[in-house]
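In: No letters, just coordinates:
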């Protein structure tokens, strides 16, 4: 999976207003490459601070509170992590049982489907996998995108 993501201008710092369309297209391409892998059926890419959505699959909407909780877990909040282990983690209104929460990643499931979440220096990548997908393939796909973003300084 490494090396399959496009290197793009928005990943390198200064962006001029005239490039806004190119930036949005690039974010959409990264999302499409994630979903296009066949291992993820819908995804969200957001700011690590949890204050904005950069790209999302159609009809896959995460609430501000859900995103804030994920951000806080990835930024080291033991309280939010413990609450998620006890009460579940919600993404797009769906409850997931937390299986793993580490410095850089979160794994959770709801029956045979689940979510794989990873962070880069500036982004949160959330990938949902369906009942027919293999969880470990979904995790490695999301991690590969996070690795790529880290490698280009994002």
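Out: Everything's here; your move. The shown structure was predicted, so the numbers you read here are calculated from the model rather than taken from an experiment.

In: Give me the secondary structure label for the residue sitting nearest the centre point of the chain.
Out: Nearest to the geometric centre of the chain sits residue 125, at 1.5 Å (C-alpha atoms, centre = their mean). What DSSP: H, G, I helix; E, B strand; the rest coil gives for residue 125 is strand.

In: State whether residue 124 and residue 47 are indeed in contact, as I suppose.
Out: Yes - with contact defined as C-beta atoms under 8 Å, residue 124 reaches residue 47; the gap is 7.2 Å. In short, each C-beta sits where N, CA and C put it, glycine included.

In: wait, the residue nearest to the centre of the chain sits on residue 147?
Out: No - using C-beta under 8 Å, residue 125 makes no contact with residue 147, being 10.3 Å away.

In: what's the next secondary structure element after the worst-scoring helix or strand of the chain on mean pLDDT?
Out: Within the chain, no helix or strand scores below helix 20-35, which has a mean of 65 by mean pLDDT, DSSP states H and E. Scanning forward in sequence from helix 20-35 by DSSP states H and E, the next helix or strand is strand 42-47.
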